[in-house]
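Enquirer: Curious how this folds, go ahead:
(one chain, ligands or ions: 2)
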Amino acid sequence: MRVSMTVNGKPDSVEIEPQVLLVDFIRETLRLTGTKVGCETGQCGTCTVQFNGRSVKSCLMLAIQADGGSVQTIEGVAQNGQLHVLQEGFWEMHGVQCGFCTPGMIMSLLDLLQHNANPDEDEIRSWLGGNLCRCTGYQSIVRAVQYVVEKTRETTLVEFVDAAGV
Ligand code: FES
Ligand code: FES
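Expert: Ligands and ions are numbered 1, 2, ... in the order given. Got it, this is the predicted structure:
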């Protein structure tokens with residue numbers, strides 16, 4: 001059957017088998033291999049992408065369930081060769097070791113930051129409950145999110161000062 005969706009801002013329409021998982025569609029049909037497959041049972045979060053603006057585990061969805069919707073993968077996060085501030089945070093705070101969990105972490109944490117621009121440490125740690133990392137001990141990932149919060153605060157302050165003409 002034919003499935004149509006927008007992927008990273010570009011419309012796509014492909015003939016697929018109805019039982020294909022969204023994660024397999026993304027990796028094998030679209031060849032967007034930044035999204036990883038870990039447990040395939042909804043536990044590890046490595047397959048996390050955004051669907052219609054919210055993070056979802058793409059191993060728990062059929063591709064046909066995304067028909068007509070909008071999917072964003074890690075490949076669509078950097079814009080015009082510029083890392084997203086959250087990717088910058090992972091880089092600056094050493095939030096990546098082997099990197100296997102990183103795409104899923106970023107897609108999940110973008111959802112947090114889009115809906116709560118100022119999460120405290122408990123909120124960040126609680127949100128990370130759906131994404132497993134074997135390497136970092138999570139501290140550096142928490143710091144990557146705090147980097148974004150701090151950067152956003154600084155940018156807002158600069159914009160406020162500029163607007164006030166101080
Ligand atoms: S592969 Fe989807 S949650 Fe682990
Ligand atoms: S950096 Fe290796 S699993 Fe997270």
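
Enquirer: Compute the distance between the residue nearest to the spatial centre of the chain and ligand 2, please.
Expert: In the chain, the residue lying closest to the centroid (CA atoms, centre = their mean) is Met107, at 0.8 Å. Using CB to the nearest ligand atom, to the nearest Å, we find Met107 at a distance of 14 Å from ligand 2. The C-beta positions use only the backbone N, C-alpha and C, and glycine is treated the same way.

Enquirer: partners of the closest residue to that residue other than its chain neighbours in the sheet?
Expert: Closest residue to Met107 apart from its sequence neighbours, by CB to CB, 6 or more residues apart in numbering: Thr48 at 4.4 Å. Thr48 forms beta bridges with Lys57, as assigned by DSSP bridges.

Enquirer: Would you confirm that Thr48 contacts Trp127?
Expert: No. The pair Thr48 / Trp127 is not scored as a contact, 11.5 Å apart, by CB atoms under 8 Å.

Enquirer: pretty sure Cys98 contacts Thr136?
Expert: No. Under the criterion of CB under 8 Å, Cys98 is not in contact with Thr136, lying 9.2 Å apart.

Enquirer: Look at these two and report which has more neighbours.
Expert: Set Cys98 next to Thr136 and count neighbours by other CB atoms under 10 Å: Thr136 wins out with 21 against 10.
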